[in-house]
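**Student:** using only what follows, build the 3D model:
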Amino acid sequence: MAIKRQQTTLKKPYQGLTLPIGIDLHNLNLPLVNSLIPAGFPSPAEDFSNESLDLASYLVTNKIATFFARVGGDSMKEAGIFEGDLVVIDKSLEALSGSIVFAYFDGGYTIKRYIIKNGKHYLVPENKNFTVMEIPFESDFQILGVVTFTIHKTSREKKTLI
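**Tutor:** I've put the predicted structure just below:
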């Protein structure tokens, strides 16, 4: 199969994989702090504003073409994508060189950075312990969507820092 940069319909690689076609976050409107919260030195406390953020409209541009997936493995940890994270994937976006994509490659699913260089196509992990995969023209390869957001919990483990 030829390399496809964009795939808008579900084809054979999805056999046995259940993915929601659309999402509905039921107008998830939450309060929004009106200023940046320093992660460096503390600053004087500011009042919370009356503004809100509709999380669904922030995360999803094209509801019909968007779904969530849970990440397994740590090949993208240096891109801030960790095992167990949820990624938001939009099937309607064109995968450009440099995009992080959800792809089907030679019998398996993966999330990697998609790179086009000197006419060659690559799936590039963001973890030095993994190798770059060149995508031969004749390979069974499809880009199934572009990762637009990553959602992960912060660690709640008690650590001795001092």
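
**Student:** can you list contacts of stretch 85-98?
**Tutor:** Stretch 85-98 is contacted from outside by 5-8, 59-62, 64-71, 81, 99, 101-102, 111, 113-117, 143-152, using Cβ atoms under 8 Å, 6 or more residues apart in numbering. C-betas here are computed from N, CA, C, even on glycine.

**Student:** and the pLDDT for the closest residue in space to Lys77 that isn't next to it in sequence?
**Tutor:** Nearest residue to Lys77 in three dimensions, chain neighbours excluded: Asn127, at 5.3 Å (Cβ to Cβ, 6 or more residues apart in numbering). The model reports Asn127 with a pLDDT of 96.

**Student:** what's the neighbour count on Asn127?
**Tutor:** 13 (other Cβ atoms under 10 Å).

**Student:** distance check, it against Gly80.
**Tutor:** From Asn127 across to Gly80, the span is 12 Å (Cβ to Cβ, to the nearest Å).

**Student:** likewise for Lys91?
**Tutor:** Distance, Lys91 to Gly80, using Cβ to Cβ: 22 Å.

**Student:** for those two, indicate the residue with more neighbours.
**Tutor:** A side-by-side neighbour count of Lys91 and Gly80, using other Cβ under 10 Å, places Lys91 first with 21 against 11.

**Student:** for Lys120, see how far away Ala65 is.
**Tutor:** For Ala65, the distance to Lys120 equals 28 Å [Cβ to Cβ].

**Student:** neighbour-wise, which of those two wins?
**Tutor:** More neighbours surround Ala65 than the other of Ala65 and Lys120, with 16 against 11 (other Cβ under 10 Å).
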